[in-house]
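Chemist: here is the input, now give the coordinates:
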Amino acid sequence: MNNKKLFVPLFAFLGLVLVFAWQLVRNSAGEDPKTLESALVGKPVPHFELPSLQDGEQALTEAIFQQGKPLLLNVWATWCPTCYAEHQYLNQLAKQDITIVGINYKDDPSKAAQWLKNLGNPYQQNILDQKGMLGLDLGVYGAPETFLIDCQGVIRYRYAGDMNETVWQEKFKSLFEKIQREESACKS
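Modeler: Down below sits the predicted model:
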């Protein structure tokens, strides 16, 4: 009887090894851990009414995502070092006529306004989400996260991590251009 108890830790250890091995095989099979599953992909941006960072008196709603063209929704904050790292690339995308809407997430509005003044403002609009409720509705884990939104305000893709040249080229650009073509055909 005592000999059987000696095998319990061995079986527990082997179980953990199997779980870790499965996770390694799954990630080496090409799954990107920064690409988060989202129940909202294929669904409209949730309803919200929040102030604009630029003008706290102006209320913004999900209607800002129905512009007749695809756009990026970028979740950012001044307390986020990765957001600082991606900011220069967002400015480059904005100069290429890529529309970007920001969600300033759980941040101090005065610090955020100063950040944009100092580093440039790539955002067409900036939603002030101080309590993080819109972020919660979007399933945001933290900043930065970027969503690709089509002309109808439907979320088509979600990415957690910094937006940079590699991410744009490998994850966003072809889907962005495909949505542009689809929406141009719809307007004709």
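Chemist: could you list the domains of this structure?
Modeler: For the chain, automatic domain parsing gives the domain ranges 1-31, 49-187.
Chemist: out of the ones you listed, which comes closest to Leu40?
Modeler: Leu40 sits nearest to domain 49-187 of all the domains of the chain, at 4.9 Å, using C-beta to C-beta. All C-beta spots, glycine's among them, are computed from the backbone N, C-alpha and C.
Chemist: check which residues of whatever helix or strand Asn91 lives in are buried.
Modeler: Assessed by DSSP states H and E, Asn91 sits inside helix 81-95. Buried residues in helix 81-95, counted by 16 or more other C-beta atoms under 10 Å: Thr82, Cys83, Tyr84, Glu86, His87, Tyr89, Leu90, Gln92, Leu93, Ala94.
Chemist: and the strands in the chain, which stretches?
Modeler: Assigned by DSSP state E, the strands in the chain fall at 49-51, 59-61, 71-76, 100-105, 125-129, 145-149, 155-160.
Chemist: in JSON lines: the ones you listed, plus mean pLDDT, mean neighbour count and distance to Asn118.
Modeler: Converted to JSON lines, these look like this (pLDDT from 0 to 100; neighbours: other C-beta atoms under 10 Å; distance: least, C-beta to C-beta, whole Å):
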{"stretch": "strand 49-51", "mean pLDDT": "97", "mean neighbour count": "15", "distance to Asn118": "22"}
{"stretch": "strand 59-61", "mean pLDDT": "97", "mean neighbour count": "15", "distance to Asn118": "23"}
{"stretch": "strand 71-76", "mean pLDDT": "98", "mean neighbour count": "26", "distance to Asn118": "14"}
{"stretch": "strand 100-105", "mean pLDDT": "98", "mean neighbour count": "26", "distance to Asn118": "15"}
{"stretch": "strand 125-129", "mean pLDDT": "97", "mean neighbour count": "23", "distance to Asn118": "15"}
{"stretch": "strand 145-149", "mean pLDDT": "97", "mean neighbour count": "23", "distance to Asn118": "22"}
{"stretch": "strand 155-160", "mean pLDDT": "96", "mean neighbour count": "20", "distance to Asn118": "25"}
